[in-house]
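Asker: Fold the following for me, if possible:
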Amino acid sequence: MKPSKSKFFILLGIIAAFVAIAILGMGDSVKSVREMRYGIDIRGGVEAVFEADGIDRKPTSSELDSARTIIEARLDSKNIADREVTIDKEGGYIIVRFPWKSGETSFNPEEAIAELGEMAKLSFRDPDGNILIEGKNIISAEPGQDTSGVGTNYLVSLTFDTKGAQLFEEATGNLIGKNMGIYMDEEQISNPTVQAKIAGGKGVIDNMGSYKEAKELADKINAGALPFSLKTTNFSTISPTLGNQALHIMVMAGAIAIALICVFMIVMYKLPGIIACLTLILQVALQLLSVSVPQYTLTLTGIAGVILSIGMAVDTNIIISERIADEIKKGLTVRTAVRNGYKNAFSSVFDGNFTTAIIAIILMIFGSGSMLSFGYTLLMGMIFNLIVGVSVSKNLLLGILEFKKYNKEKYFTRKKDTKIRKFFENKKKYAFISGTLIIAGIVFSFVNGVKLDTQFTGGVVLTYTVESDVVTATVKDAISDITDRPVTVQISNNRQNDDKQIIVTLAGNGGISPEEQKSITEGLNKTYKATLSETYAVEPYIGATALKNSGIAILLSVVFIILYVWIRFSTIHGLAAGITGMIALLHDVLIVFFAFVVFKIPLNDSFVAVTLTIIGYSINDTIVIYDRIRENSGINPKQDKISLINESISQTFRRSVNTSVTTGMCVLIILVASYIFQITSITEFALPMFVGVISGCYSTICIASIIWGMWELRKIKKSKTDSKGKNPKNSMA
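Answerer: Numbers count the residues shown, from 1 in each chain. Sure, this is the predicted structure:
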């Protein structure tokens, strides 16, 4: 796009339009940010207790696990990323918690539960009603269309497991020319005619009336893959764990943080700082719309993805502004400096955003629930960052330079001479600092112990009926004085009998003794008149499958980063760069872990969110320095490694610090607000995040490139030693 005054104003109009759409929305199809679907922690939601129906025995553990997995997948497919699905194996219960829809006003749990879909058992039957195949033997059902013939043929593609494939082949062979009914319990939902014997475990139901009809049937078939029918035995509303004012407070804190970031950018970088603020506002609007339009659930982990995206958006603008300042220092014209600045910054920006985007995609493929929410918001942020942070900002800045008044150097920052600091020579100091922090963290881990929340350990859910209004903080304090187990308290309203209830969740897989239960009840009765009505011993909310997939996702992310850095930075021995970058990331993950331990914060999904955020933030920071090392080594290939490292870190030092200041400022404001207004869950999220941001900046400057330099110097030294040690060939005159 060739810059011009008219295009500058068009871009301003586009920014204003998207901000307006984000605030006001556009009818039912484009919901505003005020109509987002917020997580249970922010807005509250529904708790439903299901039990097996139609079987004369208690469900087995494997059947309960299978049902849980199907319900989780169903919630994920509906973009309900904030949900808690657990099981009570002793009682045979499945307990599901999920948030309200964005437009929900009646808060009727019965209507909300209908969103989960059919809870009946699926079966394929012959015309006499004999069951041929059960829903548990279906892997998936996908809607589609075939346009190879005349018109469009809408269809549903079925995929069976090994046993299902065998049964399906046998059934279709016996029913050629006859109907095979598909039932949800006793209700027939489809009755296709079998055309031929079908082998291979794949089949198609064709001649559907429309794509909508095909999708509805596919959804029902997927929903019916339950190992047994389910019925709701209890349902109630649950209060937000963060408190009713949490959202308002966090929005205000976020607005203040963005305003301060804009002030910082304008003071530091002048005109490019103003453009950075405009593009930052556009990116925030687009990212929030990407959550509100498809009704993706926004919860704590999603907010973590937004924070990381904002941090990287600011980082993009800082990298570009610093590069422009470098070019102006060379004496180039303002317009040339701007073009060169964007050109020179692109590789750093692209590498950082691309690696983070791939990590987000891996998390979305293997993750579920909170990891899915984090991956989605992060991916959207990286896409918008590359589009808006680079292309839109460049055209805005070049467009404003079409006005002669602003085409002057005084509206830009001229970079001062870079002071080359001796970073590499101080490696022993950095080793001492890191070693001290890690040893201290290990000591605290033994002294304080590592507390795991119910997401990882499972625990006990105690439900009390109360007559008066309850303050959750008071209840939590009272119970915490009795037990050292992590405690979560929610207020519930049982819609079946209108009872007010307190739901107390105690982490730990050891159950609860009668004595402990009695002590907790007596402790509650000192403040409230509470009657214990139900007790569940629940499995971890983050199940074994989810934990395994999370581990696979993180491992694949690490492997990808090493491979990508290896390939992209081959001129500076990329394998060494990738491995040393991972060492720096491990350092940051340990520091975040120790922050949870030192401040006695139980490990839960907030730990997962903070860890993933810092991994993305830190690797982006490290790549910027690697990029400068690669650039400088290309300019002066004979430069020794120590001076190369010192020069590269010194040149990017201000950018690293400024990025950490802006990101840290955002997190710090949220931390202060949550502490003042006693929003414990946000405090327990923001505090280790703030520590992680500081650690990420430190590890980038003082660990990753330093260890890379030590690796390279050792290789050089070994090479010289080997060459000296070679004996000359013997000869005889």
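Asker: low pLDDT regions in the stretch 351-500 of the chain?
Answerer: Residue ranges of the stretch 351-500 of the chain with pLDDT under 70: 367-370, 495-497.
Asker: Recalculate using a threshold of 50.
Answerer: Scanning the stretch 351-500 of the chain for pLDDT under 50 picks out no residues.
Asker: now the strands for it?
Answerer: Applying DSSP state E, counting those that start in this stretch to the stretch 351-500 of the chain gives strands spanning 459-466, 487-494, 499-507.
Asker: Skip ahead from the last one and say which helix or strand is next.
Answerer: Later in the chain than strand 499-507, the nearest helix or strand by DSSP states H and E is helix 514-525.
Asker: elements contacting that next one?
Answerer: Contact partners of helix 514-525 among helices and strands, from 3 or more CB pairs under 8 Å, 6 or more residues apart in numbering; DSSP states H and E: strand 459-466, helix 472-480, strand 530-538. Using the backbone N, CA and C atoms, a C-beta is placed for each residue, glycine as well.
Asker: Please work out which residues outside that helix touch it.
Answerer: 462, 464, 475, 478-479, 481-483, 502, 504, 530, 532, 535 (CB atoms under 8 Å, 6 or more residues apart in numbering).
Asker: Which members of these are the farthest-apart pair?
Answerer: The span of the contacts of helix 514-525, defined through CB to CB, is set by D481 and T535 at 20.6 Å.
Asker: So for the two, which sits in the more crowded spot?
Answerer: T535 (15 against 10; other CB atoms under 10 Å).
Asker: The more buried one is in contact with I512, isn't it?
Answerer: Yes - at 7.4 Å, T535 and I512 qualify as touching, with contact defined as CB atoms under 8 Å.
Asker: what's the overlap in contacts for those two?
Answerer: By CB under 8 Å, 6+ apart, the residues touching both T535 and I512 are 460, 462.
Asker: A67 should be in a helix, yeah?
Answerer: Yes - under DSSP: H, G, I helix; E, B strand; the rest coil, A67 falls within a helix.
Asker: That one is in contact with F228, isn't it?
Answerer: Yes - between A67 and F228 there is a contact under CB under 8 Å: 7.3 Å.
Asker: Common neighbours of these two, please.
Answerer: What both A67 and F228 touch, as defined by CB under 8 Å, 6+ apart, is the set P59.
Asker: Give me the below-cutoff pLDDT ranges for the stretch 551-700 of the chain.
Answerer: Using pLDDT under 50, nothing in the stretch 551-700 of the chain is flagged.
Asker: which residues in it form helices?
Answerer: 574-598, 605-635, 641-676, 680-699 (DSSP state H, counting those that start in this stretch).
Asker: Between these, which one is closest to A114.
Answerer: helix 605-635 (26.7 Å).
Asker: Could you check that closest one and say which residues are buried?
Answerer: In terms of neighbour count (16 or more other CB atoms under 10 Å), helix 605-635 has its buried residues at 605-633.
Asker: Same question for stretch 435-451.
Answerer: Those would be 437, 441, 444, 451, for stretch 435-451 by 16+ other CB under 10 Å.
Asker: With stretch 69-82 instead?
Answerer: Buried residues in stretch 69-82 (16+ other CB under 10 Å): 69-72, 74-76, 78, 80-82.
Asker: Render the CA-only coordinates of that stretch in PDB, please.
Answerer: Extracted C-alpha coordinates of stretch 69-82, given in PDB (Å, rounded to 0.1, in the frame of the first residue of the first chain):
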ATOM      1  CA  THR A  69     -14.100 -37.400  28.400                       C
ATOM      2  CA  ILE A  70     -17.100 -37.200  26.100                       C
ATOM      3  CA  ILE A  71     -18.700 -34.400  28.200                       C
ATOM      4  CA  GLU A  72     -15.400 -32.500  28.200                       C
ATOM      5  CA  ALA A  73     -15.100 -32.800  24.400                       C
ATOM      6  CA  ARG A  74     -18.700 -31.700  24.000                       C
ATOM      7  CA  LEU A  75     -18.000 -28.600  26.000                       C
ATOM      8  CA  ASP A  76     -14.800 -27.800  24.100                       C
ATOM      9  CA  SER A  77     -16.700 -28.100  20.800                       C
ATOM     10  CA  LYS A  78     -19.100 -25.500  22.000                       C
ATOM     11  CA  ASN A  79     -16.200 -23.100  22.900                       C
ATOM     12  CA  ILE A  80     -17.000 -23.600  26.600                       C
ATOM     13  CA  ALA A  81     -13.300 -23.700  27.600                       C
ATOM     14  CA  ASP A  82     -13.900 -22.900  31.300                       C
END
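Asker: For the residue positioned nearest the centre of the chain, list the residues it contacts.
Answerer: Against the mean C-alpha coordinate of the chain, by CA atoms, centre = their mean, the closest residue is F374 at 1.3 Å. Each residue near F374 by CB under 8 Å, 6+ apart is listed here: 301-302, 304-305, 360, 363, 367, 608-609, 612-613.
Asker: how far away is S239 from V156?
Answerer: Taken as CB to CB, to the nearest Å, the spacing of S239 relative to V156 amounts to 40 Å.
Asker: circling back: including distance to L289, could the helices of the stretch 551-700 of the chain go into CSV?
Answerer: Formatted as CSV, these follow (distance: least, CB to CB, whole Å):
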stretch, distance to L289
helix 574-598, 30
helix 605-635, 21
helix 641-676, 20
helix 680-699, 24
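Asker: how about those, which one is nearest L288?
Answerer: The nearest among these, by CB to CB, is helix 641-676 at 15.2 Å.
Asker: from the chain's centre, how far out does the closest one sit?
Answerer: 22 Å (CA atoms, centre = their mean, to the nearest Å).
Asker: Same check on stretch 60-68?
Answerer: That offset, for stretch 60-68, works out to 27 Å (CA atoms, centre = their mean).
Asker: which parts of it are buried?
Answerer: 63-68.
Asker: mind checking the SS state of G200?
Answerer: From three-state DSSP, the assignment for G200 is coil.
Asker: any idea of the mean pLDDT for stretch 520-539?
Answerer: For stretch 520-539, mean pLDDT is 82.
Asker: now swap in stretch 191-202 and tell me
Answerer: 90.
Asker: just stretch 711-727 next, same as before
Answerer: 74.
Asker: cool, stretch 145-154 as well?
Answerer: Mean predicted confidence for stretch 145-154 is 78.
Asker: Pull up the distance across that stretch, start to finish.
Answerer: Using CA to CA, to the nearest Å, the end-to-end distance of stretch 145-154 comes out at 4 Å.
Asker: Repeat that for stretch 281-301.
Answerer: 21 Å.
Asker: tell me the mean pLDDT for it?
Answerer: For stretch 281-301, the per-residue pLDDT averages 84.
Asker: Please list all residues in contact with D185.
Answerer: D185 touches 54, 120-121, 229, counting by CB under 8 Å, 6+ apart.
Asker: Can you tell me which of those residues is nearest I21?
Answerer: Using CB to CB, the contacts of D185 come closest to I21 at A120, 40.5 Å.
Asker: shouldn't the closest one be in contact with I221?
Answerer: No - using CB under 8 Å, A120 makes no contact with I221, being 11.4 Å away.
Asker: quick one: T237 is in a strand?
Answerer: Yes - assessed with three-state DSSP, T237 lies in a strand.
Asker: Now do it: how many residues are near it, please.
Answerer: Residues near T237, counting by other CB under 10 Å, number 20.
Asker: same question, V559
Answerer: 13.
Asker: Kindly report the same for I583.
Answerer: 14.
Asker: Could you measure from it over to D621?
Answerer: Following CB to CB, the distance that separates I583 from D621 is 14 Å.
Asker: Over to L386?
Answerer: Distance, L386 to D621, by CB to CB: 17 Å.
Asker: just K404 next, same as before
Answerer: Taken as CB to CB, the span from K404 to D621 is 38 Å.
Asker: And S681, by the same measure?
Answerer: S681 is 27 Å from D621, by CB to CB.
Asker: Same list (the buried residues of stretch 435-451) but as CSV, adding distance to A337.
Answerer: Listed next are these as CSV, based on distance: CB to CB, whole Å:
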residue, distance to A337
L437, 41
G441, 45
F444, 50
K451, 53
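Asker: and which of the residues you listed is nearest to N395?
Answerer: Nearest to N395 among the buried residues of stretch 435-451, with distances taken as CB to CB, is L437, at 44.6 Å.
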